[in-house]
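K.L.:
Got a sequence here, can you model it:
(one chain, ligands or ions: 1)
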Amino acid sequence: MRYVSTRGASPSRSFGEVLVAGPAPDGGLYMPESWPQFSRVEIENFRGKKYGDVAFAVLQRFVGDSFSNDELKTDIAAAYATFDVPDVAPLRKLGSSYVLELFHGPTLAFKDIALQLLGRLFARELKKRGSRATIMVATSGDTGSAAIATFRGQANVDVVVLHPKGRVSDVQRLQMTTVRDANVHNIALEDSFDDAQNLVKALFADQAFAQAHHLAAVNSINFARIAAQCVYYFTASAQLNRAATFVVPTGNFGDVFAGEAASRMGLSIERLVIATNANDILSRALESGTYAAGRAQATLSPAMDIQVASNFERALFEASGRDGSRITEAMRGFAKSGKLDIRPDALAALRKRYAAGRADDNETLATMRSVHAESGILIDPHTAVAVAVARKVAKNAIGPVVILATAHPAKFPEAVMRATGRTPPLPPQLTGLLEREEQYDIVPNDLRALKTYITERIRPA
Ligand SMILES: *Cc1c(COP(=O)(O)O)cnc(C)c1O
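P.N.:
Model prediction:
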């Protein structure tokens, strides 16, 4: 399997190369040259299989000859052994819908599902190359801790995590800043997640710097994340044995795009519903055909406080007949004006696959409260956004409705308390967290300052 850029002007790469790289040199995102195909029978056979076995079947097609079957199996087994339930992503009933619990990993958000595996494959690839890497992570809250959990203490890897100062929950921040391994570097950036993401993008755009420091990205621009995340669309659908509507709390569009990936591989999905908070650029884009970024607002669901959803480029690439020059032109215009008019054919293709809806903070709180009152279950604010949107957008679904539960409620105790008057019990993953000492550096939103930080802190190759 080879990977090509959404902007069509970079040489193709192997899975291993894409895994340890950042964006493609032309600024695009890597995509498989063609989607692996699963027959109906193969998909039906996933029913009753263990999560790790389905993950192996799916990922083997993406990995190509970058890793042997044994290597992939070993890393899948080790990655999912860190989860606190054997079925990794359990599907539970909630009223007349279902909740797909994706928060059973070490840092209690769905990011662990991809990152626990990615960290292990990454280490293998570096070892094969005799190389090192500096992993740059811009986080809206959960990717940072999940990346730190998988890379802490690894030889030949440094992790630099930028979180927007004061815009993540206390638990989210502590999960990052109390990890004291020498290869972990936490930065609180004075500004929003979009600014952090832009700064990291600008860093990668300086190719001389990126090469000299072996910069790599494990945000959802890394295709390995998408590959690992499409697995739970298969396992959930297999359990239901029907085409489902998936409602996905969305920020950077990686998780919901993994649903598109699964469907392009042969899985029947009724619809993918993009659920956003007040930062609703994606639902507005789908409605109006104009993708226009504003300023990100802080909400109770901080992992979704994103205006520029990186992976939307992947969906646009597919919806535009994989025409790299069209994407280059569109993204260049967007970088200049902050606005992108989606061409009618692409918009029609997107609307066929996706629906969208938004829920603001009041609706989020009301939903957390009503779910608790009706079922006794505490949900986190991101999941609540999806439940609220499901109630509005998915009520006419033909098949089952599956809400992706992306974080454990204990990560957002203040919001849960405000909504329900209850404090979620602290799971073992967080024991002692509040007492540990924090360490992080405050860095201004400035490319030169970030470069100096990296040059001074991290040993060269
Ligand atoms: C990252 C995250 C999201 C958004 O996922 P994307 O792939 O960026 O769309 C939603 N909820 C939680 C809890 C997250 O950590």
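
K.L.:
What parts of the stretch 101-250 of the chain come near the ligand?
P.N.:
A109, K111, D142, S220, P249, T250 (CB under 6 Å from any ligand atom). Just so you know, the C-beta spots here come from the backbone N, C-alpha and C atoms, and that holds for glycine as well.

K.L.:
now the third one, nearest residue through space, not along the chain?
P.N.:
It stands for D142. A109 (3.8 Å; CB to CB, 6 or more residues apart in numbering).

K.L.:
Pull the contacting residues for that neighbour.
P.N.:
Neighbouring residues of A109 by CB atoms under 8 Å, 6 or more residues apart in numbering: L102, F103, G141, D142, S145, A146, A303, T406, A407, H408, K411.

K.L.:
about what we covered before: list the ones among the residues of the stretch 101-250 of the chain next to the ligand that fall in strands.
P.N.:
Counting by DSSP state E, the part of these found in strands is P249.

K.L.:
how about CSV for the residues of the stretch 101-250 of the chain next to the ligand, with distance to A210 and pLDDT added?
P.N.:
Listed next are those as CSV, based on distance: CB to CB, whole Å; pLDDT from 0 to 100:
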residue, distance to A210, pLDDT
A109, 28, 96
K111, 23, 97
D142, 25, 92
S220, 19, 89
P249, 31, 98
T250, 28, 97
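
K.L.:
outside of the helix or strand where Q239 lies, which residues touch it?
P.N.:
Using DSSP states H and E, Q239 maps to helix 231-240. For helix 231-240, the external contacting residues (CB under 8 Å, 6+ apart) are 43-44, 46-49, 51, 54-55, 58-59, 88-89, 91, 98, 100, 102, 113, 243-244, 246, 258-259, 262-263, 267-269, 399-400, 402.

K.L.:
Whichever of these end up buried, select them in PyMOL.
P.N.:
Selecting the buried subset of the contacts of helix 231-240 in PyMOL, with 16 or more other CB atoms under 10 Å as the burial test, is done by:
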select buried, resi 43+46+51+54+55+58+59+88+89+91+98+100+102+113+243+244+246+258+259+262+263+267+269+399+400+402
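
K.L.:
Filter the contacts of helix 231-240 down to just the ones in strands.
P.N.:
L91, Y98, L100, A244, F246, I269, V402.

K.L.:
Worst mean pLDDT across the helices and strands of this protein, which element?
P.N.:
helix 193-205 (a mean of 90; mean pLDDT, DSSP states H and E).

K.L.:
next SSE after that one?
P.N.:
By DSSP H and E, the next helix or strand past helix 193-205 is helix 207-212.

K.L.:
who does that following helix touch, helix- and strand-wise?
P.N.:
helix 193-205 (3 or more CB pairs under 8 Å, 6 or more residues apart in numbering; DSSP states H and E).

K.L.:
now for the helix it packs on, which elements pack on it?
P.N.:
strand 133-138, strand 157-164, strand 184-189, helix 207-212, strand 215-217, helix 447-457.

K.L.:
Export the ones you listed as JSON lines, with columns for distance to L117, mean pLDDT and mean neighbour count.
P.N.:
Output for the helices and strands packed on helix 193-205, formatted as JSON lines (distance: least, CB to CB, whole Å; pLDDT from 0 to 100; neighbours: other CB atoms under 10 Å):
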{"stretch": "strand 133-138", "distance to L117": "15", "mean pLDDT": "95", "mean neighbour count": "26"}
{"stretch": "strand 157-164", "distance to L117": "15", "mean pLDDT": "96", "mean neighbour count": "25"}
{"stretch": "strand 184-189", "distance to L117": "20", "mean pLDDT": "96", "mean neighbour count": "23"}
{"stretch": "helix 207-212", "distance to L117": "24", "mean pLDDT": "92", "mean neighbour count": "13"}
{"stretch": "strand 215-217", "distance to L117": "16", "mean pLDDT": "93", "mean neighbour count": "23"}
{"stretch": "helix 447-457", "distance to L117": "26", "mean pLDDT": "95", "mean neighbour count": "14"}
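
K.L.:
okay if I get those as CSV plus distance to A78?
P.N.:
What follows is the helices and strands packed on helix 193-205, written out as CSV (distance: least, CB to CB, whole Å):
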stretch, distance to A78
strand 133-138, 19
strand 157-164, 17
strand 184-189, 20
helix 207-212, 30
strand 215-217, 21
helix 447-457, 29
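
K.L.:
R120 is nearest to which of those?
P.N.:
strand 157-164 (11.7 Å; CB to CB).

K.L.:
follow-up on the earlier one: among the ones in strands among the contacts of helix 231-240, which one lies nearest to S12?
P.N.:
I269 (27.9 Å).

K.L.:
For the ligand, see how far away the closest one is.
P.N.:
17 Å (CB to the nearest ligand atom, to the nearest Å).

K.L.:
Name the residues linked to that residue by a beta bridge.
P.N.:
Beta-bridge partners recorded for I269 (DSSP bridges): A244.

K.L.:
Could you report the distance from it to Y80?
P.N.:
23 Å (CB to CB, to the nearest Å).

K.L.:
Do stretch 297-310 and the ligand come into contact?
P.N.:
Yes - Stretch 297-310 reaches the ligand (CB under 6 Å from any ligand atom) through A303, M304.

K.L.:
buried ones in that stretch?
P.N.:
Those buried within stretch 297-310 under the rule 16+ other CB under 10 Å are 298-310.

K.L.:
Secondary structure added to those, as CSV?
P.N.:
Below are those laid out as CSV (DSSP: H, G, I helix; E, B strand; the rest coil):
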residue, secondary structure
A298, coil
T299, coil
L300, coil
S301, coil
P302, helix
A303, helix
M304, helix
D305, coil
I306, coil
Q307, coil
V308, coil
A309, coil
S310, coil
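
K.L.:
residues in contact with the helix or strand containing A366?
P.N.:
Taking DSSP H and E as the criterion, A366 maps to helix 361-375. For helix 361-375, the surrounding residues in contact (CB under 8 Å, 6+ apart) are 94-95, 277-278, 299-301, 359, 377-379, 381, 384-385, 387-388, 391, 415-416, 418-420, 422.

K.L.:
so of the residues you listed, which ones are in strands?
P.N.:
Going by DSSP E, the strands hold L94 from the contacts of helix 361-375.

K.L.:
coming back round to it: got a quick PyMOL command for the buried subset of the contacts of A109?
P.N.:
Remark: buried members of those, expressed as a PyMOL selection using 16+ other CB under 10 Å:
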select buried, resi 102+103+141+142+145+146+303+406+407+408+411
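
K.L.:
Out of the contacts of A109, name the ones that lie in helices.
P.N.:
D142, S145, A146 (DSSP state H).

K.L.:
And these, which is closest to the ligand?
P.N.:
Nearest to the ligand among the ones in helices among the contacts of A109 is D142, at 3.2 Å by CB to the nearest ligand atom.

K.L.:
State whether the closest one and K111 are indeed in contact, as I suppose.
P.N.:
Yes - using CB atoms under 8 Å, D142 is in contact with K111, at 4.8 Å.

K.L.:
now stretch 298-306: how far from the chain's centre is it?
P.N.:
14 Å (CA atoms, centre = their mean, to the nearest Å).
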